[in-house]
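K.L.:
Coordinates only, no sequence provided:
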């Protein structure tokens, strides 16, 4: 494609793909082969949106109660979405919520976990209609399947639904912003850090659990679900002495059933948040830390704005003379301060690049780094969106001519 469009690969400053080994492999992956062709300047960036998706996938798989919850959520969707039952579900909605437009349950996608918020968001307020649908079917031809789902949907399902409706709402906002075609790498890193520090860590330390528990109990009361639990009886199983001094992350065959507000907090809420924070740390602690710090030093919002020492790694990578850059940074800083005194506000990387563009002959190295900082792609969402559009056009064309 590059050769067909007469694009010089040597001008490539970055490349973004998903994390599949065929693309990201350090020995024979596409990114490695392309860097051999284009030069080491073509930095590989693992798509931020794909990373976020992998974070959620790992959270779901690592917490057993959550994995079971999403399996049940999908089973309800498949059962209710069949032609006959879907019509019954809509009728129940019209009866229970006459002033609201009936809604379909949202389809699940194993490859787009950040978008599961829509599924949780629709299902939570429609639980009464879902229950009435299952109860009516439990007396009909598909009684066994309906009765099985009714038996499985308990208070554990409700509190899990409330917790993930809240959590996925936060990740959905980040996912949507990461798909913006105007997003730069520094802004993407800032948004991930905001989710980690200002959203999830504060929720872990704050009192949001009380709010979520109260919401879940209100939903349970509306459905006539028991919220009070019987006291656990029987002897508590002890962990083998052979495991003394070791940290265990599984039940070791001793399945724990949450039986109180404290149990759900310890076995659901905290493990989900802790795993989410750990996965964010792991997935977004990439090899491009120095490059990200350099780009942040070009951002007017950064406390390290125009710190020449921090910009150095990026300058070295892209062949910029450090002495010349230091002089340009000092002069550009004075120029910006003078313009700000004239009420010309520069608050983003794009605005800074546009402001410096008329002065590119005087600041060639600085303008080069600003252009690269904007051009480096944090996600591959825009490209994948074009592929989806091409597939749709091809499908419609085949149907038209078929």
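P.N.:
Done, it's in. Worth saying up front: this structure is predicted, and the values here are computed from it rather than measured. Numbers count the residues shown, from 1 in each chain.

K.L.:
need the contact list for the closest residue in space to residue 192 that isn't next to it in sequence.
P.N.:
Nearest-residue entry for residue 192: residue 284, 5.3 Å, with adjacent residues in sequence omitted and distances by Cβ to Cβ, 6 or more residues apart in numbering. Where C-beta positions appear, they are placed from N, C-alpha and C, glycine not excepted. Residues near residue 284 by Cβ atoms under 8 Å, 6 or more residues apart in numbering: 48, 51, 189, 192.

K.L.:
just those now: which is nearest residue 325?
P.N.:
Nearest to residue 325 out of these is residue 189 (Cβ to Cβ; 22.0 Å).

K.L.:
Surely the closest one is in a helix?
P.N.:
Yes: assessed by DSSP: H, G, I helix; E, B strand; the rest coil, residue 189 belongs to a helix.

K.L.:
neighbours of it, just the number please.
P.N.:
Neighbours of residue 189 under the rule other Cβ atoms under 10 Å: 21.

K.L.:
likewise residue 223?
P.N.:
With other Cβ under 10 Å as criterion, residue 223 counts 14.

K.L.:
now it: how far from residue 260?
P.N.:
19 Å (Cβ to Cβ, to the nearest Å).

K.L.:
And residue 206, by the same measure?
P.N.:
Taking Cβ to Cβ, one finds residue 206 at 21 Å from residue 260.

K.L.:
More neighbours: which of the two?
P.N.:
Taking neighbours as other Cβ under 10 Å, residue 206 and residue 260 compare with residue 260 leading, 13 against 10.

K.L.:
Just want the phi and psi numbers for the more buried one.
P.N.:
phi -160, psi 170 (degrees, to the nearest 10).

K.L.:
Going forward, count from 5.
P.N.:
From this message on, residue numbering opens at 5, which makes the last subject residue 264.

K.L.:
which element is residue 45 on?
P.N.:
Using DSSP states H and E, residue 45 sits within no helix or strand.

K.L.:
just checking, it touches residue 19?
P.N.:
No: between residue 45 and residue 19 there is no contact under Cβ atoms under 8 Å: 10.5 Å.

K.L.:
what about the two, which has more around it?
P.N.:
residue 19 (18 against 15).

K.L.:
Show me what that one bridges to in the sheet.
P.N.:
Here residue 19 sits in beta bridges with residue 48, as judged by DSSP bridges.

K.L.:
Do I have it right that it meets residue 49?
P.N.:
Yes: contact criterion Cβ under 8 Å: residue 19 and residue 49 qualify, at 7.2 Å.

K.L.:
tell me, what's touching the two both at once?
P.N.:
residue 381.

K.L.:
mind checking how far stretch 21-38 is from the chain centre?
P.N.:
Chain-centre distance of stretch 21-38: 22 Å, with Cα atoms, centre = their mean, to the nearest Å.

K.L.:
I misspoke; the intended subject was stretch 86-101.
P.N.:
With Cα atoms, centre = their mean, you get 32 Å for stretch 86-101.

K.L.:
contacts for it?
P.N.:
83-84, 104, 106-109, 130, 132-134, 136-137, 140-141, 146.

K.L.:
Inside helices: which ones of the residues you listed?
P.N.:
Members of these lying in helices (criterion: DSSP state H): 83-84, 132-134, 136-137, 140-141.

K.L.:
Which residue ranges of the stretch 55-204 of the chain form helices?
P.N.:
Assigned by DSSP state H, counting those that start in this stretch, the helices in the stretch 55-204 of the chain fall at 68-84, 87-100, 121-127, 131-141, 147-156, 159-182, 189-198.

K.L.:
any chance of these in CSV, with mean pLDDT too?
P.N.:
Output for the helices of the stretch 55-204 of the chain, formatted as CSV (pLDDT from 0 to 100):
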stretch, mean pLDDT
helix 68-84, 91
helix 87-100, 91
helix 121-127, 89
helix 131-141, 91
helix 147-156, 89
helix 159-182, 90
helix 189-198, 84
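
K.L.:
thinking again about what came up before, among the contacts of stretch 86-101, which one sits closest to residue 271?
P.N.:
Nearest to residue 271 among the contacts of stretch 86-101, with distances taken as Cβ to Cβ, is residue 134, at 24.9 Å.

K.L.:
What segments of the protein are strands?
P.N.:
18-21, 47-50 (DSSP state E).

K.L.:
Mind giving me the packing neighbours of the first one?
P.N.:
Pointing back at strand 18-21 there. helix 34-42, strand 47-50 (3 or more Cβ pairs under 8 Å, 6 or more residues apart in numbering; DSSP states H and E).
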